[in-house]
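Peer 1: Attaching a predicted model along with its sequence, questions to come.
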Amino acid sequence: MEEDWNNIPGVNTTCGNETGHIVKDTYTRWDADDHDDWDLTKSDTDKSNACKNYTNWEPTNDNGHTDDDKIIDKHCDTIQIDGCADWNQTKSEADYQTDTTDLESWGNQISSEQVTNSTDTGYYSEYNDRIEQNSHNYQSNGYNRRGSGYQPGTRFAKNSNTNGNNDKGNGKFEKPIVQKSTYIPPEFEENDDLTMKAGLNFKEYEKIEVTVSGMDVPKNITSFKESGLCEVLLSNLTECNYGNPTPIQKYAIPIIMNGKDMIASAQTGSGKTAAFVLPILNSLISEPSELVFDYNHCEPQCLILSPTRELASQISSFAFKLSNGTSIRCRALYGGTAVYHQREKILSGVHIIVATPGRLIDFVNRGLITFSSLRFIVLDEADRMLDMGFTPAIQCIFSDNTMVSSAERSTLMFSATLPIDVQQIAKSYLKPDYISVAVGEVGGACKDVTQTFVEVNKFSKKNELVALLNETNDCQGTIVFVEQKRQADFIAAFLSELNYPTTSIHGDREQPEREKALRDFKTKKMKVLVATAVAARGLDIMGVTTVVNFDLPKTIEEYVHRIGRTGRLGNSGRAVSFYDPDNDSAMAPYLVNTLKRADQNIPEFLSKYSGEVHEPLNQFNDIRPNVTVTSEYIQEEDEVW
């Protein structure tokens, strides 16, 4: 794709110099883009006559009000793309006419001085730049802030001129290669096997200590039959091979069914998703309210927020499975997928939306989603959702002018780890009489899950990983966690060359590739999955026997979530962590403290850090003690990799 739009031969500048239009090769072909994959091209004749014979370009005459990619204005003044928020029209030097197609008018015609080399700076709506009418300010649409000058919450484009504010620049922007995702995820099947099977040690959950605090706490249940769930849900639970509820389910189901807000901490693999999905479905089925939607917006009744695309997809598929045979509609919204497809699905009416914050805010900014009918809002992996990275997005969602008050909705927060500071933030979103539930560790009953710490320098990790995979005849079900995205691909390629069927998943892979990697791992086409943090939380994958921390994470919370991919629901497994003293010493005291609280043996090379952390990481027990810890020492090897 060419990025220089100057001196295009034979093309009228009002038709040729726009940012949404793509020229391939050496300007001999135009990308007509009336389809989603950007592959249709035009000949030189079509190119020169594009403005006169605009019917050659599809679709026409809709003035940018749809997201059908490139559109010709009905008066043939400009060629523009996708008048929706995620593409925010930008203006080049040759095209500075008034844009009235995208959410808000540009107002008066803008002079070329104000728009010189202005281009779109990103793929996400909250980062796209805008030219504020009648001023030299280049502003992003951020959270619908568009006044003159800087406003809190407004993000400015790179090198933007902000009228004397701190982010002052030359008003020129780099032109990106804009790529629009056309990926449509496969539909869920009713017979998809989505549930983790309970292991031999599931009965040990009965021994877990549960701490509940709050006023008017409903009595916990002891079985699904006495829970008050409707018959169709009980039938679906049987189909999914659910037996007895786990402790978090015993307490959360009656609390949510009684309309209470709650914040809950329960160990990884303890059934938290079912703990909130079941009572929400029951309320939507037993106490139905009219589904509000029309051709341009919808009002979901339940919103579930997830930090990763994969987890959003998993929760949505789980809700789909449990709502089989009902009228409940559940849809997932996350990045890397076709906007038009997701829009089409939600505008046909939806009860439950499971979303990542970025895509949700995008749809809210478009006016496609409002919260006037919301009855439930859930933050899954709440500690991650409320940390500094996601806080602005969560605040934006909760403060939306269509959001119902806390008194009119149930707000639910779940995670395996909830540090004290995050708990304080969480309280600001909950009703004053919220209930907290803390599910403690399984008291050392299961010795089948072995966690091994290996002291090793960074140059020895690769060989140690190979030795680890060679310990058994079959390395099926191994997840290897790394810190860097490029490292994930390097290790996956390295293992593949050694004939270990390996794939990788990380944030730089396209969404179809990420989903294919998970699918291949789940179906055992690939034995090893090399992953970054995108796979550390919430993912329920049957048959994961080993987790390897090739790189230890930087926080103890992330460590807990990673090793929680194995040993779920009483199934056995092991976790192996490579400890590099040069890089991981800051984590050592927290590892020691966590191992102590789980009644685990502390490796000798970590024991010197004992006692350096005096306060528990959070008030909840965050790691299962059915993890036995051993250690060994690896000699350094003269290898640079």
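Peer 2: Structure received.
Peer 1: Could you chop the chain up by domain?
Peer 2: Per the record's domain assignment (automatic domain parsing), the chain is made up of the domains 208-439, 449-633.
Peer 1: With mean neighbour count, mean pLDDT and distance to Ile184 as added columns, please give the ones you listed in TSV.
Peer 2: Using the backbone N, CA and C atoms, a C-beta is placed for each residue, glycine as well. As requested, those are arranged in TSV below (neighbours: other C-beta atoms under 10 Å; pLDDT from 0 to 100; distance: least, C-beta to C-beta, whole Å):
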stretch	mean neighbour count	mean pLDDT	distance to Ile184
domain 208-439	20	93	5
domain 449-633	19	82	9
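Peer 1: which one of those domains lies closest to Pro186?
Peer 2: The closest approach between Pro186 and any of the domains of the chain, judged by C-beta to C-beta, belongs to domain 449-633 at 8.3 Å.
Peer 1: Show me what the one helix or strand Leu518 maps to is packed up against.
Peer 2: Counting by DSSP states H and E, the secondary-structure element that holds Leu518 is helix 511-522. Helix 511-522 makes packing contacts with helix 309-322, strand 502-505, strand 528-531 when contacts are defined by 3 or more C-beta pairs under 8 Å, 6 or more residues apart in numbering; DSSP states H and E.
Peer 1: Quick one: closest of the ones you listed to Ser265.
Peer 2: helix 309-322 (17.2 Å).
Peer 1: What angle do helix 511-522 and the closest one make with each other?
Peer 2: An angle of 60 degrees separates the directions of helix 309-322 and helix 511-522 when computed by axes from the mean of the first three to the mean of the last three C-alpha atoms, to 10 degrees.
Peer 1: Which strands border the helix or strand that helix 309-322 is followed by, and is each parallel or antiparallel?
Peer 2: Scanning the chain past helix 309-322 towards its C-terminal end, the next helix or strand to appear is strand 330-333 (assignment: DSSP H and E). Pairing partners of strand 330-333, with direction, according to DSSP bridges: strand 352-355 (parallel).
Peer 1: so Arg309 sits right up against Gly336, yeah?
Peer 2: Yes. Distance between Arg309 and Gly336: 6.3 Å, which falls inside the contact criterion (C-beta atoms under 8 Å).
Peer 1: shared neighbours, those two?
Peer 2: Gln511, Arg514 (C-beta atoms under 8 Å, 6 or more residues apart in numbering).
Peer 1: Name the SS class of Ala438, please.
Peer 2: For Ala438, the secondary structure call by DSSP: H, G, I helix; E, B strand; the rest coil comes out as strand.
Peer 1: quick one: it from Ser265, how far?
Peer 2: Separation of Ala438 from Ser265 (C-beta to C-beta, to the nearest Å): 5 Å.
Peer 1: just to revisit the earlier point, redo the helices and strands packed on helix 511-522 as JSON lines? Include distance to Arg565.
Peer 2: Formatted as JSON lines, the entries for these read as follows, by distance: least, C-beta to C-beta, whole Å:
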{"stretch": "helix 309-322", "distance to Arg565": "12"}
{"stretch": "strand 502-505", "distance to Arg565": "12"}
{"stretch": "strand 528-531", "distance to Arg565": "9"}
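Peer 1: Looking at those, spot the one closest to Gly389.
Peer 2: If you check each of the helices and strands packed on helix 511-522 against Gly389 by C-beta to C-beta, helix 309-322 wins as the nearest, at 15.2 Å.
Peer 1: now the spatially closest residue to Asp508 that is not a sequence neighbour: how far from Phe376?
Peer 2: Once flanking residues are discounted, Asp508 sits nearest to Lys485: 4.8 Å by C-beta to C-beta, 6 or more residues apart in numbering. Noted for Lys485: a distance of 34 Å to Phe376, by C-beta to C-beta.
Peer 1: Same check on Lys219?
Peer 2: According to C-beta to C-beta, Lys219 stands 22 Å off from Phe376.
Peer 1: which residues of the stretch 251-400 of the chain fall in helices?
Peer 2: Per DSSP state H, counting those that start in this stretch, the stretch 251-400 of the chain carries helices over the ranges 272-286, 309-322, 339-346, 357-366, 382-385, 391-398.
Peer 1: Take these and lay them out in TSV including distance to Gln301.
Peer 2: Below are those laid out as TSV (distance: least, C-beta to C-beta, whole Å):
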stretch	distance to Gln301
helix 272-286	6
helix 309-322	12
helix 339-346	12
helix 357-366	15
helix 382-385	20
helix 391-398	16
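Peer 1: Between those helices, which one is closest to Phe605.
Peer 2: Shortest distance between Phe605 and these, using C-beta to C-beta, is found for helix 382-385: 29.0 Å.
Peer 1: so what secondary structure elements neighbour that closest one?
Peer 2: Taking 3+ C-beta pairs under 8 Å, 6+ apart as the contact definition, the neighbouring helices and strands of helix 382-385 are strand 410-415, helix 420-427.
Peer 1: 7 Å instead?
Peer 2: In terms of contacts (3 or more C-beta pairs under 7 Å, 6 or more residues apart in numbering; DSSP states H and E), helix 382-385 is packed against strand 410-415.
Peer 1: Now do the strand it packs on: everything it contacts.
Peer 2: Counting contacts by C-beta atoms under 7 Å, 6 or more residues apart in numbering, the residues outside strand 410-415 that touch it are 256, 259, 261-265, 272, 276, 375-383, 426, 429-430.
Peer 1: which neighbours does it have in its sheet, and in what orientation?
Peer 2: Sheet pairing here is set by DSSP bridges, and for strand 410-415 it gives strand 262-265 (parallel), strand 376-380 (parallel).
Peer 1: Now do the last one against helix 391-398, angle only.
Peer 2: Strand 376-380 and helix 391-398 meet at an angle of 170 degrees, taking the same axes, to 10 degrees as the criterion.
Peer 1: what's next to strand 376-380, contact-wise?
Peer 2: For strand 376-380, using C-beta under 7 Å, 6+ apart, the contacting residues are 276, 280, 302-306, 311, 315, 385, 409-414, 538.
Peer 1: Just the endpoints, please. Distance across stretch 578-588?
Peer 2: Distance across stretch 578-588, first residue to last, is 12 Å (C-alpha to C-alpha, to the nearest Å).
Peer 1: in the stretch 501-641 of the chain, which spans are helices?
Peer 2: Along the stretch 501-641 of the chain, the stretches classed as helices by DSSP H, counting those that start in this stretch are 511-522, 556-563, 581-584, 588-597, 604-607.
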